[in-house]
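In: Here is the input, now give the coordinates:
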Amino acid sequence: MTELSELRLCAVMPAPPEAVHAALTDAAALRVWLTDHAEVALPDRYEFWGRYTPDGAEPHQRVLHAGERTLRFAWTVDGVETTVEFTLTDNEPEHEAEHEDAGGTLLTLTQSGDLPSFDEILADTAGPRGELETFWSLAIANLSDYLSGRELTPKCDYTSAELRASVVIDAAPEAVFDSLTQPEQFRKWFGANVDIEPYVGGRFAMGGFELDPGGIKFVEFEPGRKATLRFADGQTDSWELAGSDGKTRLTLVSSGFDPDNPPYPGWAGWLSGVAELRRYHEVPRWRTIWRQIEAPGIPAEMLSIDV
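Out: All right, here's what the predicted structure looks like:
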């Protein structure tokens, strides 16, 4: 059963509000960091659609308000109208002068309406509305990299049952593997509490073993090279690492799921995490871009944002 609720994501963008606003409202920019199709003519038109957008066969947006630091629009997803708002404020530099995000812009995204619960998303019964939180998480992560001039993380293709993506990280395979499998490191860049038993047969639990007693286990574990997780329903997620010239090509593959109902929410979640993993290894004096993540029904003990 769904209920009226709100998704809220806050992140620091490495650019002044004027530059962030331009990236949010320029159609050519949207076609780079957000999705494959976009048309903008404010205050009348703000549309995006395509294979990288949930329920994206055609545009379903309607402008409600367009200001210098606020953009609000209705977005009908799977037949249900929701309200999306971007708000830009100056980022207070409090104790941040040594970090890349000193100054910059605090971007707050909210999406409100009849949103599915976390349990519905986990049960794969939420449809395209269940894809919104991780869609926006990945989009905002890519917006940050777009503004920094960094290479973007692959987007989630909501029309494909092939879930495979590859990125190059400027760090050795051993370091990347450790950040994927050592819980104290994983918590930093992914922004979630996690318990990990790093060996074949060991458990992997988002939110910790108390929240998830152990439905996910490692079936492959080769330090510096590969790890594969198997879910209780038979789905597998694998991380394959190949080193070259001090860098790592990390390939993520998800398989074993119902091809008629791919796990897009979880897949986009992994991709948004990988965007931060890349920054964790590559940005001097790294600090997570995230300041707040609130989504309907997500247990408070699952999230861990260390700012």
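In: Where does the prediction get shaky in this structure?
Out: 1-4, 93-102, 306-307 (pLDDT under 70).
In: Summarise which helices and strands the longest helix along it is packed against.
Out: If you go by DSSP state H, the chain has its longest helix at helix 264-282. Helix 264-282 is packed against helix 132-148, strand 163-169, helix 173-181, helix 183-190, strand 247-255, with contacts defined by 3 or more Cβ pairs under 8 Å, 6 or more residues apart in numbering; DSSP states H and E. C-beta here means a position set from N, CA and C on the backbone, and glycine is covered the same way.
In: From the contact counts, what lies against the third one?
Out: Contacts defined by 3+ Cβ pairs under 8 Å, 6+ apart place helix 173-181 against helix 183-190, strand 226-230, strand 236-244, strand 247-255, helix 264-282.
In: now what about the next helix or strand along the chain from the longest helix of the chain, what contacts it?
Out: On the C-terminal side of helix 264-282, the closest following helix or strand by DSSP states H and E is strand 290-294. Contacts with strand 290-294, where a contact means Cβ atoms under 8 Å, 6 or more residues apart in numbering, come from 6-12, 106, 108, 137, 191, 276, 303, 305, 307.
In: between those, which is closest to Leu34?
Out: Of all those, Leu34 sits closest to Ser137, with 12.6 Å by Cβ to Cβ.
In: Which residue comes closest to that closest one once chain neighbours are left out?
Out: Nearest residue to Ser137 in three dimensions, chain neighbours excluded: Ser272, at 4.0 Å (Cβ to Cβ, 6 or more residues apart in numbering).
In: Once you drop chain neighbours, what's closest to Asn193?
Out: Once flanking residues are discounted, Asn193 sits nearest to Ser304: 4.6 Å by Cβ to Cβ, 6+ apart.
In: how about stretch 142-156: buried residues?
Out: Buried positions in stretch 142-156, judged by neighbour count with 16 or more other Cβ atoms under 10 Å: 142-147, 150, 152-156.
In: thinking again about what came up before, tabulate the helices and strands packed on helix 264-282 (a markdown table), appending distance to Pro54.
Out: Output for those, formatted as a markdown table (distance: least, Cβ to Cβ, whole Å):
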| stretch | distance to Pro54 |
| --- | --- |
| helix 132-148 | 5 |
| strand 163-169 | 15 |
| helix 173-181 | 27 |
| helix 183-190 | 22 |
| strand 247-255 | 17 |
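In: highest average neighbour count across those?
Out: Highest mean neighbour count of those: helix 132-148, a mean of 23 (counted as mean count of other Cβ atoms under 10 Å).
In: and that helix, what other elements does it pack with?
Out: strand 3-13, helix 17-25, helix 27-33, strand 105-115, helix 264-282.
In: starting at the chain centroid, how far to it?
Out: Centroid separation between helix 132-148 and its chain, computed with Cα atoms, centre = their mean, to the nearest Å, is 6 Å.
In: and if you look at stretch 258-268?
Out: Offset of stretch 258-268 from its chain centre (Cα atoms, centre = their mean): 14 Å.
In: Convert the C-alpha atoms of it to CSV, please.
Out: The C-alpha trace of stretch 258-268 is given here as CSV (Å, rounded to 0.1, in the frame of the first residue of the first chain):
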residue,chain,number,x,y,z
ASP,A,258,13.5,-12.2,-13.9
PRO,A,259,14.3,-10.5,-17.3
ASP,A,260,10.7,-9.2,-17.4
ASN,A,261,11.2,-7.4,-14.1
PRO,A,262,14.9,-6.2,-13.9
PRO,A,263,16.0,-4.9,-10.5
TYR,A,264,16.5,-1.3,-11.7
PRO,A,265,16.3,0.3,-8.3
GLY,A,266,19.1,-1.7,-6.9
TRP,A,267,21.2,-1.5,-10.1
ALA,A,268,21.0,2.3,-10.3
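In: what's that stretch in contact with?
Out: Applying Cβ under 8 Å, 6+ apart, the external contacts of stretch 258-268 come out as 54, 121, 124, 126, 130-131, 133-135, 137-138, 156, 158, 160-161, 163, 235, 254, 257.
In: Let's see that with 7 Å instead.
Out: Contact with stretch 258-268 is made by 121, 124, 130-131, 134-135, 138, 156, 158, 161, 163, 235, 254, 257, as judged by Cβ atoms under 7 Å, 6 or more residues apart in numbering.
In: ditto for stretch 162-175
Out: Here stretch 162-175 has contacts from 153-154, 176, 224-225, 241, 243, 246-254, 262, 267, 271, 274, 277-278, 281-282, using Cβ under 7 Å, 6+ apart.
In: before we move on, back to that, tell me the most buried of the helices and strands packed on helix 132-148?
Out: helix 264-282 (a mean of 22).
In: Return the residues in contact with the nearest residue to Tyr280 once chain neighbours are set aside.
Out: Among residues not flanking Tyr280 along the chain, Trp189 sits closest, at 4.0 Å (Cβ to Cβ, 6+ apart). Trp189 makes contact with 179, 276-277, 280, according to Cβ under 7 Å, 6+ apart.
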